[in-house]
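[1] Just need the structure, nothing else, for what follows:
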Amino acid sequence: MLESFKNIFKIPELRKRVLFTLGIIAIYRIGGHVPTPGIDTTVLSEFFKNSGNSLFGLYDMFVGGAFTRVSVFALGIMPYISASIIIQLLGTVFPYFHKLQREGGEGKKKITQYTRYGTVLLSVVQAIGISIFLQSIVSQETGLHAVHQSMLGIKFTLLTMVSLTTGTILIMWLGEQITSRGIGNGISLIIFIGIIARLPQAVIGETQLVLSGNRNPMMEILILAIVLAVTAFVVMMTQAMRKIPIQTPKKVVGQKMYAGQNTVLPLRLSMAGVIPIIFASSIMTFPSMIQSFFPQSELMESLGLLFSPTGYLYNILTGLLIIFFTYFYTAIIFNPLDIADNLKRSGGFIPGIRPGKKTAEFLDNVLSRITLPGSIFLAFVAVVPFLVMSKMNVNFYFGGTSVLICVGVALDTLQQLESHLQMRNYEGFLKKGKLKGRRY
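    Just a heads-up that it's a prediction; the model follows:
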């Protein structure tokens, strides 16, 4: 492993890509500490410290703490993710977007452009909502507003809207630069960095608890074992797939005959990825968001307690929603009819299955069977680790959503590094044994 990291810096092109990516990440982290103008950080930190709102905690996790600091990067890349999901869903409703999704490179460019427009629109709406929310925060101890008195009103709303929207656009541009000139998927890496940004703080906090005697060392070992076990389980299930054998017949091109090939169609156990968890979490945090608008209402307070993240009702409904959205989103991104038509046009077929309608039915049947354990897996990692850690009074967030994202992004980035190394006959990360050959 250490030798593979050394090999990265022996290849000029790969070295430039890695250093460029690290530079962009550094810019992103610095921007996450630049405060929005007009904010009283003392009042703001007091409010979020006493809030305990799960909606704030979940969103703040994705943006690396920038939301609770209300920095210019407070919205993070989440408006872009939301816009991407909306555009994908529109493809199932409107034929125009469905046509763009099937047009290849040109269609992808147009979809990317529409996604950017949607990102700006969502950023403006969310920034206005945040500005109104910030102006309602008043310190219980000093009576001071979270926004300086001279900035209250439309002036602060416009300034916040411009600052946060510009910050999101900049993050989107940084992510695209990583994708084109760096290593890995830029948007995914930005989310990944936001999640792991709190890791050093969590390690320091747990170490202090053990050293001060407030945490039993054996309990700390058990917590570490649970974290490692969940991570290993997620890696195993993320890589799990059903391989459908595909055969292509012999082809005659001109005077040459090309032999048929045996390939596979990989169907991952969790094809929907982390999207079902995001959908379910968004719906389940809605009651908490409604409650925050009516802090004096006893009815809303009871509703908030009923939908507490540590409550049984909340977690049962979350698990059921994740299972539903897994089937729903898998049906959107994988169309057996399209796959069957493409195989038929290319002359490929599944051994023992007739091309066309029978192939589509076979793929649909296989997909339905592997989606069930995949959806249960997503529901398990989204609910169980968080509940276990809550019962053990762990002072850092550990849930399946963050683990799934981190594992997926880490594996994707390692695979890209692996391909660059193996192209030049260097040993990669994911396979054992050295590759022999000329190095250049």
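[2] Is residue 409 in a helix, a strand, or coil?
    helix (DSSP: H, G, I helix; E, B strand; the rest coil).
[3] how far away is the spatially closest residue to it that is not a sequence neighbour from residue 27?
    Once flanking residues are discounted, residue 409 sits nearest to residue 192: 4.1 Å by C-beta to C-beta, 6 or more residues apart in numbering. For every residue, glycine as well, the C-beta is placed using N, CA and C. The span separating residue 192 from residue 27 equals 16 Å under the rule C-beta to C-beta, to the nearest Å.
[4] picking up where we left off before, would you check that the residue nearest to residue 409 makes contact with residue 406?
    Yes: when contacts are counted by C-beta atoms under 8 Å, residue 192 is listed as touching residue 406 (5.8 Å).
[5] More neighbours: which of these two?
    residue 192 (23 against 19; other C-beta atoms under 10 Å).
[6] Am I right that the more buried one sits in a strand?
    No: assessed with three-state DSSP, residue 192 is helix; it does not lie in a strand.
[7] For the stretch 151-300 of the chain, just list every one of the strands.
    For the stretch 151-300 of the chain, the strands defined by DSSP state E, counting those that start in this stretch occupy 241-248, 251-253, 256-258, 261-268.
[8] outside of the first one, which residues touch it?
    With contact meaning C-beta atoms under 8 Å, 6 or more residues apart in numbering, strand 241-248 is reached by 260-269, 343, 346-351, 363, 366, 370.
[9] Any buried residues in the longest helix seen in the chain, and which?
    What stands out as the longest helix in the chain, according to DSSP state H, is helix 357-391. Going by neighbour count (16 or more other C-beta atoms under 10 Å), the buried part of helix 357-391 is 359-360, 362-364, 366-367, 370-371, 374-375, 377-386, 389.
[10] And stretch 331-340, by the same measure?
    Buried residues in stretch 331-340 (16+ other C-beta under 10 Å): 331, 334-336, 339-340.
[11] Pick the one among these closest to residue 154.
    Closest to residue 154 out of the buried residues of stretch 331-340 is residue 331 (44.9 Å), distances taken as C-beta to C-beta.
[12] thinking again about what came up before, for the longest helix of the chain, packing partners?
    When contacts are defined as 3 or more C-beta pairs under 8 Å, 6 or more residues apart in numbering; DSSP states H and E, helix 357-391 packs onto helix 217-239, strand 241-248, strand 261-268, helix 275-284, helix 312-333, helix 336-346, helix 400-423.
[13] buried residues in the second one?
    Residues of strand 241-248 classed as buried: 244, 246, 248 (neighbour count, 16+ other C-beta under 10 Å).
[14] any chance of the residues you listed in TSV, plus pLDDT?
    Below are these laid out as TSV (pLDDT from 0 to 100):
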residue	pLDDT
244	88
246	87
248	78
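[15] now, which of those sits nearest residue 275?
    Out of the buried residues of strand 241-248, the member with the shortest distance to residue 275 (by C-beta to C-beta) is residue 244, at 22.9 Å.
[16] Pairing partners for that closest one in the sheet, please.
    When assigned by DSSP bridges, residue 244 has beta-bridge partners residue 265.
[17] what about residue 134, how many neighbours?
    25.
[18] Name the helix or strand for it, please.
    helix 105-135 (DSSP states H and E).
[19] From the chain's centroid, how far away is that helix?
    Its chain's C-alpha centre and that of helix 105-135 lie 17 Å apart, by C-alpha atoms, centre = their mean, to the nearest Å.
[20] And for stretch 80-91?
    Per C-alpha atoms, centre = their mean, the centroid offset for stretch 80-91 relative to its chain is 14 Å.
[21] now stretch 329-346
    With C-alpha atoms, centre = their mean, you get 25 Å for stretch 329-346.
[22] contacting residues for residue 115?
    80, 83-84, 87.
[23] Spatially, what comes nearest to it if we skip its sequence neighbours?
    residue 83 (4.9 Å).
[24] Could you do residue 82 as well?
    residue 122 (5.6 Å).
[25] Quick check, the one you found in contact with residue 81.
    No: Residue 122 lies out of contact with residue 81 (C-beta under 8 Å); the separation is 9.7 Å.
[26] Could you give the average pLDDT over stretch 134-141?
    Confidence for stretch 134-141, expressed as mean pLDDT, is 75.
[27] Which residues outside it are in contact with it?
    Counting by C-beta under 8 Å, 6+ apart, 39, 42-44, 46-47, 50, 70, 144-147, 152-153, 156-157, 160 sit against stretch 134-141.
[28] And stretch 183-196, by the same measure?
    With C-beta under 8 Å, 6+ apart, stretch 183-196 has contacts from 14, 17-18, 21, 24-25, 28-29, 32, 61-64, 66, 76-77, 80-81, 171-172, 174-180, 402, 405-406, 408-410, 412-413, 416-417, 420.
[29] For ChimeraX, write the selection for the buried entries among the residues you listed.
    To isolate the buried members of the contacts of stretch 183-196 in ChimeraX, using 16+ other C-beta under 10 Å:
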select :14,17,18,21,24,25,28,32,61,62,63,64,66,76,77,80,81,171,172,174,175,177,178,179,402,405,406,408,409,410,413,416,417,420
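[30] can you tell me which of the contacts of stretch 183-196 are in helices?
    Using DSSP H, the contacts of stretch 183-196 in helices are 14, 17-18, 21, 24-25, 28-29, 61-62, 66, 80-81, 171-172, 174-180, 402, 405-406, 408-410, 412-413, 416-417, 420.
[31] which residues touch the closest residue to residue 403 other than its chain neighbours?
    Nearest in space to residue 403, with sequence neighbours left out and distances taken as C-beta to C-beta, 6+ apart, is residue 234 at 5.0 Å. Contact analysis of residue 234 by C-beta under 8 Å, 6+ apart lists 381, 400, 403-404, 407.
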